[in-house]
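Asker: this one's structure only:
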């Protein structure tokens, strides 16, 4: 209710004569100006004052105070807003969401103080109705979620049935194809790329089966060929007349051919291997040496023989182990062992494993027992032959001076001139000295050389003396001598021996020409040496004999015609005096003998005279009658 009171004043407005008081129903007063607001079933707007008295409400009567006093300060602030209240203001005790806002125009019309006479709107709706859209939304969300889960489950099942299971089948089929065990075609009827992939795998499997079938046939053929080759190799190795043993890295025998089994009394069992040294009955020292060689051959190191180191390349290089090899000149370098009464030469070789197989070491033997016995017999025969050749050679070398002595002796018997007899006697003495020197060279006696002193010798004079000695003891009518000398050259030597060397060289040349032909002699000087060249017009020396002409007892003449020592002695003498000698020859074009000796500086006149006198005293002169 609204009470309105007005004072009644007198006509001069000085005193109050009465009061006009009227009570108005607020609802009736306000209702024409206010339209109720409702929404939903329970939602509406109330108009209350600051004390919580309802001014207008579709549900509560006007003038009623809100039932919950705690709610009033929550909904009557001077700012609009929302609040979660413990009651709904209509007698309900459930938590409610209430909206509120002040109405300042009405508040100012009814009171000048907004804080004590303010009006407010109060908006409320039942919680069930307020949250019904949310519950409805959540319900639909739940329904849609269930539907989505169902769809996802259906799609998963479909995917498992149409994708995963075919993929697993394809995976299993691929593994079977990889092992070559796929016997049935892949049956996938999906009508998509998986079916196309299955068809491609089936086609690939058919092609692989066809290829493997051909490959299996080829493998069978190759296996037969390998077996045949192994059989042929065994037959070939069994036919080889030398023992062959193959050993693995642990010294176990893997193979031994028939000759090896017969030689070493070995029986190779395929079920077990035999140690190498159970087959080779050798003493411990030889066994340890063979083990060292085996380890060296296995690791590729140098193989140490009884006297040194053998080249590793000879063991590791690829070659036929049965092919003969050049034997070394030194018998101690040969790898030989004694097994029982037989003696064997052996050779290691390395055989690389194929297809990552284990390397093997081969051992080849060659029985040298009969060969050694035959070689000993041959050496004895050569010694006997050499002795005969030496005897004949001594006689041949002594013949020339001996014939000279005989001729001079006959001349002395018929000569009455004592001066001529003295000359003949001096020549006989020189021939005797030459015979003694020849015997000394043949027998190797060198005691005299320790007493003799080297002296300056005129090389060209000694060469002429050697020619004079030879022409005085043979028929030289068919010989033509051509001399081209560089001068009177001195060398340091022993006159007798230097003359003997020249005599042997000239004798070989004259015998090669059979006493008829042209013999050219020349000397030339270099910085420190003199070169003497003797060229004959003989038939030359065959090429195959050039490397042997300086070997002792080597001769191309018949028995009794030469000892094979002439060039050997000449070479030894020339080398003793610091020189060198070489032979150049072509068959049919003659032979050149080139002697190089070191020269000595020019001599003072006194030594020159001494050299000339010494040479003249030591040089035999041919007799006038020879």
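Answerer: Structure's in. What do you need? Because the structure is a prediction, the values reported are computed rather than measured. Numbering: from 1, shown residues only.

Asker: any idea of the pLDDT on residue 151?
Answerer: Reading off the per-residue confidence, residue 151 sits at a pLDDT of 91.

Asker: Which element, helix or strand, includes it?
Answerer: Taking DSSP states H and E as the definition, one finds residue 151 inside helix 132-159.

Asker: other SSEs contacting that helix?
Answerer: Using 3 or more Cβ pairs under 8 Å, 6 or more residues apart in numbering; DSSP states H and E as the contact criterion, helix 132-159 has no neighbours among helices and strands. Glycine gets a C-beta too; all of them are placed from N, C-alpha and C.

Asker: ok now that helix, how far from the chain's centre?
Answerer: Centroid displacement of helix 132-159 relative to its chain, using Cα atoms, centre = their mean, to the nearest Å, is 71 Å.

Asker: again, but for stretch 241-255
Answerer: How far stretch 241-255 lies from its chain's middle: 27 Å, per Cα atoms, centre = their mean.

Asker: what does it contact?
Answerer: 237, 256-257, 259-260, 263-264, 266, 268, 273-277, 279, 291, 294, 298, 321-322, 344, 351, 358-367 (Cβ atoms under 8 Å, 6 or more residues apart in numbering).

Asker: what does stretch 19-26 give?
Answerer: 1, 2, 3, 4, 5, 6, 7, 8, 55, 62, 63.

Asker: Inside strands: which ones of these?
Answerer: Here DSSP state E is the test, and the contacts of stretch 19-26 give 2, 3, 4, 5, 6, 7, 8, 55 as lying in strands.

Asker: Mind checking which of these are buried?
Answerer: By the neighbour-count criterion of 16 or more other Cβ atoms under 10 Å, those include these buried positions: residue 55.

Asker: and the ones in strands among the contacts of stretch 19-26 as CSV, adding pLDDT and distance to residue 525?
Answerer: As requested, these are arranged in CSV below (pLDDT from 0 to 100; distance: Cβ to Cβ, whole Å):
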residue, pLDDT, distance to residue 525
2, 65, 169
3, 72, 173
4, 75, 173
5, 79, 176
6, 80, 177
7, 83, 179
8, 83, 183
55, 80, 160
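
Asker: ok, of the ones in strands among the contacts of stretch 19-26, which one's closest to residue 339?
Answerer: Checking the ones in strands among the contacts of stretch 19-26 against residue 339 by Cβ to Cβ gives residue 55 as the nearest, at 140.7 Å.

Asker: With adjacent residues omitted, what lies nearest to that closest one?
Answerer: residue 47 (4.3 Å; Cβ to Cβ, 6 or more residues apart in numbering).

Asker: so which helix or strand takes in that neighbour?
Answerer: Following DSSP H and E, the helix or strand that holds residue 47 is strand 43-49.

Asker: Direction included, what does that strand pair against?
Answerer: Looking at strand 43-49 with DSSP bridges, its paired strands and their directions are strand 38-39 (antiparallel), strand 54-56 (antiparallel), strand 119-124 (antiparallel).

Asker: residues in contact with the last one?
Answerer: Put plainly, it is strand 119-124. Contacts made with strand 119-124 from outside it, assessed by Cβ under 8 Å, 6+ apart, are listed as 42-50, 55, 75-76, 88-90, 96, 98-103, 106-107, 110.

Asker: Now do the buried residues in it.
Answerer: Of the residues in strand 119-124, those buried by neighbour count under the rule 16+ other Cβ under 10 Å are 119, 120, 121, 122, 123, 124.

Asker: got it, and stretch 472-485?
Answerer: Residues of stretch 472-485 classed as buried: 472, 473, 476, 479, 485 (neighbour count, 16+ other Cβ under 10 Å).

Asker: Stretch 157-167 now?
Answerer: When burial is assessed from 16+ other Cβ under 10 Å, stretch 157-167 yields the following buried residues: residue 166.

Asker: Same check on stretch 258-267?
Answerer: In stretch 258-267, residues buried by neighbour count (16+ other Cβ under 10 Å) are 258, 259, 260, 261, 263, 264, 266.

Asker: again, but for stretch 288-304
Answerer: Taking 16+ other Cβ under 10 Å as the neighbour-count basis, stretch 288-304 is seen to contain the buried residues 289, 290, 293, 294, 296, 297, 298, 303.

Asker: Could you give the average pLDDT over stretch 37-48?
Answerer: Across stretch 37-48, pLDDT averages out at 81.

Asker: what separates that stretch from the chain centre, distance-wise?
Answerer: For stretch 37-48, the gap between its own C-alpha mean and the chain's C-alpha mean amounts to 101 Å (Cα atoms, centre = their mean).

Asker: can you give me the mean pLDDT across stretch 207-219?
Answerer: The average pLDDT within stretch 207-219 is 80.

Asker: likewise stretch 483-501?
Answerer: For stretch 483-501, the per-residue pLDDT values average out at 88.

Asker: Then stretch 275-291?
Answerer: Per-residue scores along stretch 275-291 average to 85.

Asker: That stretch: which residues count as buried?
Answerer: Along stretch 275-291, these residues count as buried under the neighbour rule (16+ other Cβ under 10 Å): 276, 277, 279, 280, 289, 290.

Asker: Show me the two of those that sit farthest apart.
Answerer: Maximum pairwise distance in these, criterion Cβ to Cβ, is 16.5 Å, between 279 and 289.

Asker: Please, which helix or strand holds residue 205?
Answerer: Counting by DSSP H and E, the element that carries residue 205 is helix 193-239.

Asker: For burial, what's the neighbour tally of residue 78?
Answerer: Close neighbours of residue 78, defined as other Cβ atoms under 10 Å, add up to 13.

Asker: Who does the closest residue in space to it that isn't next to it in sequence form a beta bridge with?
Answerer: Here the nearest residue to residue 78 in space, its sequence neighbours aside, is residue 102; by Cβ to Cβ, 6+ apart that works out to 5.4 Å. Partner residues in beta bridges with residue 102, using DSSP bridges, are residue 120.

Asker: my guess is residue 102 contacts residue 75, does it?
Answerer: No: shown here, residue 102 and residue 75 do not form a contact pair, counting by Cβ atoms under 8 Å, at 10.2 Å.

Asker: ok, the most far-flung residue of the chain relative to its centre to residue 17 distance?
Answerer: For the chain, the residue at maximal distance from the C-alpha centroid (Cα atoms, centre = their mean) is residue 11, at 142.6 Å. When distance is defined by Cβ to Cβ, to the nearest Å, residue 11 is 9 Å away from residue 17.

Asker: Ok, residue 90 next?
Answerer: 48 Å.

Asker: between those two, who's got more neighbours?
Answerer: Comparing residue 90 with residue 17 by other Cβ under 10 Å, the one with more neighbours is residue 90, at 19 against 10.

Asker: More neighbours: which of residue 102 and residue 75?
Answerer: residue 75 (24 against 18).

Asker: Now for that one: which residues touch it?
Answerer: Counting by Cβ under 8 Å, 6+ apart, residue 75 makes contact with 48, 83, 85, 89, 98, 100, 120, 122.

Asker: thought the first one was touching residue 62?
Answerer: If I follow you right, that is residue 48. No: the pair residue 48 and residue 62 fails to qualify as a contact (Cβ under 8 Å) at a distance of 10.1 Å.

Asker: Quickly list what's touching both of those two.
Answerer: Residues touching both residue 48 and residue 62 comprise 54, 55, with contact defined as Cβ under 8 Å, 6+ apart.

Asker: higher neighbour count, those two?
Answerer: Using other Cβ under 10 Å as the criterion, residue 48 and residue 62 rank with residue 48 on top: 26 against 18.
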